[in-house]
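**Q** sequence? don't have it. structure:
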């Protein structure tokens, strides 16, 4: 990411609004980006199934990309990328509340969080409900245990005497090759 001609970094808070008459007419998705051109390209790429979460992706599939109207809500400039992202997240949160786009829209959270690799509390509860009463075989339990053991970090050692640990993917590969 490069600064603009004023030496500042730029980003936008935007929304896509559903224009199809019906139950979800006017529902929207609010987001932010530091690369507007790439984000629009991602939206228009039909093969991109992970645009902004399950709710917006299902709506894109159901109504079609052409039935969403794009609008920039705010353009933001900041001296650093970190400050820019913090400002964008804060502004996005405000707009998500204003448009109520979690309850009557396609945002899955109150904003500013995006998909940072974690799972939402709601998703965690759904997994728990689905797993309740499930019977797991002993073979599957052993498999889970082996995978957990691979992920365990070795105990702290005197770093002057210790060898560098093998990368995680290599430990996993070695463990798979030695299992019967």
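**A** Structure's in. What do you need? What you are looking at is a predicted structure, and each value in this text was computed from that prediction instead of being measured.
**Q** C-alpha from now on. contacts and neighbour counts both.
**A** Fine.
**Q** Helices along this protein, start to end?
**A** With DSSP state H as the criterion, the chain has helices at 36-44, 54-63, 81-99, 121-131, 138-151, 168-178.
**Q** ok, now which ones touch residue 24?
**A** By C-alpha atoms under 8 Å, 6 or more residues apart in numbering, the contact list for residue 24 reads 18, 104-105.
**Q** again, only using 10 Å
**A** For residue 24, the contact set (C-alpha atoms under 10 Å, 6 or more residues apart in numbering) comprises 17-18, 59, 63, 104-106.
**Q** Kindly report the same for residue 9.
**A** By C-alpha under 10 Å, 6+ apart, the residues touching residue 9 are 1-3, 34, 76-85.
**Q** How confident was the prediction at it?
**A** pLDDT for residue 9: 92.
**Q** so what's it bridging to?
**A** Beta-bridge partners for residue 9, by DSSP bridges, are residue 78.
**Q** Report the separation between it and residue 63.
**A** 34 Å (C-alpha to C-alpha, to the nearest Å).
**Q** try residue 97
**A** Going from residue 97 to residue 63 by C-alpha to C-alpha gives 24 Å.
**Q** Kindly report the same for residue 15.
**A** Distance from residue 15 to residue 63, by C-alpha to C-alpha: 16 Å.
**Q** Over to residue 129?
**A** Residue 129 is 30 Å from residue 63, by C-alpha to C-alpha.
**Q** And those two? Which one has more around it.
**A** Ranked by neighbour count (other C-alpha atoms under 10 Å), residue 129 and residue 63 place residue 63 first, with 14 against 11.
**Q** Please look at that one and residue 23 and confirm they touch.
**A** No: the pair residue 63 / residue 23 is not scored as a contact, 11.8 Å apart, by C-alpha atoms under 10 Å.
**Q** can you pull the contacts of residue 19?
**A** Per C-alpha under 10 Å, 6+ apart, neighbours of residue 19: 25-28, 63, 66-69.
**Q** residues near residue 14, how many?
**A** 20.
**Q** Look up the pLDDT of the closest residue to it other than its chain neighbours for me, please.
**A** For residue 14, ignoring the flanking residues on the chain, the nearest one in space by C-alpha to C-alpha, 6 or more residues apart in numbering is residue 72 at 4.3 Å. For residue 72, the model assigns a pLDDT of 95.
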